[in-house]
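# Show me the folded form of this:
(chains A and B)
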Protein chains: 2
Amino acid sequence: VVALIITPRVEQARVWRQLLSERLPQMRFRCYPQLGDPAEIDIALSWKAPKGLLGSLPRLKLVYSLGMGLDHLLDDPSLDRRVPIVRLVDPNMVEQMSEYALYSTLYFHRRMDVYERFQREQRWEELPLPHTPMRRVGIMGLGEIGADCARKVAALGFPVRGWSRTRKQIAGVRCYCGDGELDAFLAECDILISVLPLTPATAGIVNSVTLEKLPRGAYFVNIARGGLVVEADLLDALDSGLVDGVMLDVVAEEPLAPDHPLWTHPKVRITPHIAGLTNPYTAVEPVYANLKRFLAGEALQHLVDRGRAY
Amino acid sequence: VVALIITPRVEQARVWRQLLSERLPQMRFRCYPQLGDPAEIDIALSWKAPKGLLGSLPRLKLVYSLGMGLDHLLDDPSLDRRVPIVRLVDPNMVEQMSEYALYSTLYFHRRMDVYERFQREQRWEELPLPHTPMRRVGIMGLGEIGADCARKVAALGFPVRGWSRTRKQIAGVRCYCGDGELDAFLAECDILISVLPLTPATAGIVNSVTLEKLPRGAYFVNIARGGLVVEADLLDALDSGLVDGVMLDVVAEEPLAPDHPLWTHPKVRITPHIAGLTNPYTAVEPVYANLKRFLAGEALQHLVDRGRAY
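Below is the predicted model:
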């Protein structure tokens, strides 16, 4: 069985190859761009493969996403819809995402945005007392990442609401679902954190209409995908006071262009897509376990439902 | 029974008076500076009383600190050493302190100090992957606040060490104690968070000798008292690279003077003593419970041991 490993930088692919070769000596691993004979490749382990590449592998039986999103695979029309796709579930990455969610929650809750400004102004001034049980945090997306974020934010005493496509139950979290309950959810988010997958149904979901539903002066955090947000609408909401602060780890076009207004907006904090990074040294274990199942002809875990796009 | 309430701003004293009067109609409350007859005052509820004031109350039988520190009382030579002192224990303030400890831990762990600079430079660049199980966090001081900080930081997967004067046991935390174990503790603190009380034994405990014991490039956070730190030594340690970043909620002299080098040092983040603010609306309950015990002649909770100064 031959697997092709595709990553934006070939050094990353080589790390994956080393870790997987040690565990699966019966398989052969190639690192893109060195394909060898495309007709020999059974499996693609892929993160952001060039469009068309996967469609050029005639014997492809499985695609394994090497990052947590699937948008890089599902928007590739060359990929035969019958080829099963498996999602990466890296517990270490889930923890990283929750760290970022906690960090951004505390940043806005404790008004660190204002205290940063006070420091620049050399101003020693106390703001009104923050009260955690009054600060409602909303998590959009309740998969592995969203559920972990929700539980950890709730553990600090914040009232947490969640929203997802299908109904979820998380202890201590008030869960909303579907389009019909989106407005009710948004109305209770003093801090809104997006961890949604990017699908045709969620693209642009954060826009002038939905931002309007938030409590006035809310905060918005995006650690999922830039395409969830209509950035012009978000900038308008910041300037009108509808939204009082934003922390974005992802933007519509990455890297963010040097002259983009998001870089310099005083109410925007930017990080360069680092909320959750795949760590091959921890992520290799679930990949190895799934590839073993594939070799044994057993059912795979974390198979993607193409209809739901996650 | 007459109680005098002393706070830096009289409006705060009036909030306390209202909350306590509702609960203890049998007591009389006065708000400083309106003392009435000093010889009638049995109890002082005090936060930063002017030096000498408490010594001028001849009938004083109890002093209740209205903030979590005691240094403002213990360094007042006018206060008769036989007058019992009670500490405020406000669960809400403990939670606030832990929020700040978590915030500062995540800030340095996730290199938000560097990403802030990257944003100013409009630079989209990923730093090496942070790995939580490798980032050791040390908590100096393991009272109510320190223990809560330690538990909450450990719950995120950070290896946590604690240090205190007397031996403590906290599940999941490696506890050191006393002068003899201080160096061993410091050697394991990639992020050092101080929540120590300010006493003659702890004044200036963070100095060139102790900072030298930290792993090179460690981070330091102070949410306790400015007097714990020799600020000139801390600035030297930052400039030599011994310490790579500092977050200070407290400084030796507050408010921090406008021309102080801490304001503008690129590796220093300053907040104006807001890590834990007493919230009379939640803190009133333990104060009320203790004053009821006082009226009934029962033993008081949270009595201060003057020998240990906390």
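# From here on, just use CA atoms for contacts and neighbour counts.
Noted.
# Which residue comes closest to the closest residue to chain B within the stretch 51-200 of chain A once chain neighbours are left out?
Using C-alpha to the nearest C-alpha, the single residue of the stretch 51-200 of chain A nearest to chain B is A:Trp124, 5.2 Å away. Closest residue to A:Trp124 apart from its sequence neighbours, by C-alpha to C-alpha, 6 or more residues apart in numbering or on different chains: B:Pro272 at 5.2 Å.
# burial count for the one you found?
By other C-alpha atoms under 10 Å in any protein chain shown, the residues close to B:Pro272 number 20.
# OK, contacts around it?
A:Trp124, A:Glu125, A:Glu126, B:Asp249, B:Val250, B:Pro255 (C-alpha atoms under 8 Å, 6 or more residues apart in numbering or on different chains).
# My understanding was that the fourth one contacts B:Val195; is that so?
No - at 10.9 Å, B:Asp249 and B:Val195 do not qualify as touching, with contact defined as C-alpha atoms under 8 Å.
# out of the two, which sits in the busier spot?
Taking other C-alpha under 10 Å, B:Asp249 and B:Val195 do not tie; B:Val195 has more neighbours (24 against 20).
# how much space is there between that one and B:Tyr64?
Note on B:Val195: its distance to B:Tyr64, by C-alpha to C-alpha, to the nearest Å, is 21 Å.
# Regarding the residue of the stretch 201-310 of chain A found nearest chain B, what is its secondary structure?
Nearest residue of the stretch 201-310 of chain A to chain B: A:Pro272, at 5.2 Å (C-alpha to the nearest C-alpha). Following DSSP: H, G, I helix; E, B strand; the rest coil, A:Pro272 is assigned to coil.
# what does the model give it for pLDDT?
Each residue has a pLDDT score; the one for A:Pro272 is 97.
# So which residues on the stretch 51-200 of chain A come close to chain B?
A:95, A:99-100, A:102-103, A:106-107, A:115-116, A:119-120, A:122-126, A:129, A:156 (C-alpha under 8 Å from any C-alpha of the partner chain).
# Sitting in helices, which of the residues you listed do you find?
Those of those mapping onto helices are A:Glu95, A:Glu99, A:Tyr100, A:Leu102, A:Tyr103, A:Leu106, A:Tyr107, A:Tyr115, A:Glu116, A:Gln119, A:Arg120, per DSSP state H.
# Now, of those, which are buried?
A:Glu95, A:Glu99, A:Tyr100, A:Leu102, A:Tyr103, A:Leu106, A:Tyr107, A:Tyr115, A:Gln119 (16 or more other C-alpha atoms under 10 Å in any protein chain shown).
# could I get those residues as TSV with pLDDT?
What follows is these, written out as TSV (pLDDT from 0 to 100):
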residue	pLDDT
A:Glu95	95
A:Glu99	98
A:Tyr100	98
A:Leu102	98
A:Tyr103	98
A:Leu106	98
A:Tyr107	98
A:Tyr115	98
A:Gln119	98
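# now for the residues you listed, which pair is the farthest apart?
A:Glu95 and A:Gln119 (30.9 Å; C-alpha to C-alpha).
# lowest-pLDDT helix or strand in chain A?
Least confident helix or strand, chain A: helix A:71-74 with a mean of 88, by mean pLDDT, DSSP states H and E.
# Can you list the neighbours in contact with that one?
With contact meaning C-alpha under 8 Å, 6+ apart, helix A:71-74 is reached by A:Trp47, A:Lys48, A:Ala49, A:Ser65, A:Leu79, A:Pro197, A:Leu198, A:Thr199, A:Arg306, A:Ala309.
# how about a cut-off of 6 Å?
A:Lys48 (C-alpha atoms under 6 Å, 6 or more residues apart in numbering or on different chains).
# for stretch A:90-99, same thing?
A:Ile145, A:Cys149, A:Ala275, A:Gly276, A:Thr278, A:Ala283.
# the helices in the stretch 51-200 of chain A, which residues?
Per DSSP state H, counting those that start in this stretch, the stretch 51-200 of chain A carries helices over the ranges A:71-74, A:91-109, A:112-120, A:144-155, A:182-186.
# Do you know the pLDDT at the residue nearest to A:Val15 when sequence neighbours are not counted?
Among residues not flanking A:Val15 along the chain, A:Pro280 sits closest, at 7.2 Å (C-alpha to C-alpha, 6+ apart). According to the prediction, A:Pro280 has pLDDT 90.
# List phi and psi for A:Pro280.
Main-chain dihedrals, A:Pro280, degrees, to the nearest 10: phi -60, psi -30.
# Quick check, A:Val250 in contact with A:His273.
Yes - using C-alpha atoms under 6 Å, A:Val250 makes contact with A:His273 at a distance of 5.3 Å.
# Please say which of the two ends up with more neighbours.
Just comparing A:Val250 and A:His273: by other C-alpha under 10 Å the higher neighbour count belongs to A:Val250, 24 against 21.
# Doesn't that one lie inside a helix?
No - counting by three-state DSSP, A:Val250 falls outside a helix, being coil.
# so who does it touch?
When contacts are counted by C-alpha under 6 Å, 6+ apart, A:Val250 touches A:Arg225, A:Gly226, A:His273.
# can we see that at 7 Å?
A:Asn222, A:Ile223, A:Ala224, A:Arg225, A:Gly226, A:Pro272, A:His273 (C-alpha atoms under 7 Å, 6 or more residues apart in numbering or on different chains).
# Pick the one among the residues you listed closest to B:Lys168.
Among the contacts of A:Val250, A:Ile223 lies closest to B:Lys168 (C-alpha to C-alpha), at 38.7 Å.
# How about the contacts made by A:Phe220?
Residues near A:Phe220 by C-alpha under 7 Å, 6+ apart: A:Ile191, A:Leu192, A:Ile193, A:Gly245, A:Val246, A:Met247.
# And the residue of the stretch 201-310 of chain A closest to chain B, how close does it get to B:Asp249?
Applying C-alpha to C-alpha to A:Pro272 and B:Asp249 gives a distance of 28 Å.
# now do A:Pro133
With the distance defined as C-alpha to C-alpha, A:Pro133 ends up 23 Å from B:Asp249.
# before we move on, what about A:Arg30?
Distance from A:Arg30 to B:Asp249, by C-alpha to C-alpha: 53 Å.
# Same check on A:Thr271?
Using C-alpha to C-alpha, A:Thr271 is found at 24 Å from B:Asp249.
# One more: A:Arg293?
53 Å.
# Also A:Leu129?
15 Å.
# Repeat that for A:Arg17.
47 Å.
# ranges for the strands of chain A?
A:2-6, A:28-31, A:43-46, A:62-65, A:85-86, A:137-140, A:160-164, A:173-177, A:191-194, A:218-222, A:243-248, A:268-270 (DSSP state E).
# right, so of those, which gets closest to B:Leu234?
In terms of C-alpha to C-alpha, the element of the strands of chain A nearest to B:Leu234 is strand A:268-270, at 28.3 Å.
# The closest one near chain B anywhere?
Yes - using C-alpha under 7 Å from any C-alpha of the partner chain, strand A:268-270 reaches chain B at A:Ile270.
# which outside residues touch that strand?
Strand A:268-270 is contacted from outside by A:Gly245, A:Val246, A:Met247, A:Leu248, A:Asp249, A:Leu262, A:Trp263, B:Gln119, using C-alpha under 7 Å, 6+ apart.
# circling back to that earlier point, what about the least confident helix or strand of chain A, distance to the chain center?
13 Å (C-alpha atoms, centre = their mean, to the nearest Å).
# And for stretch A:147-154?
15 Å.
# ditto for stretch A:119-133
In terms of C-alpha atoms, centre = their mean, the centre of stretch A:119-133 is found 31 Å from the chain centre.
# again, but for stretch A:36-55
Centroid separation between stretch A:36-55 and its chain, computed with C-alpha atoms, centre = their mean, is 23 Å.
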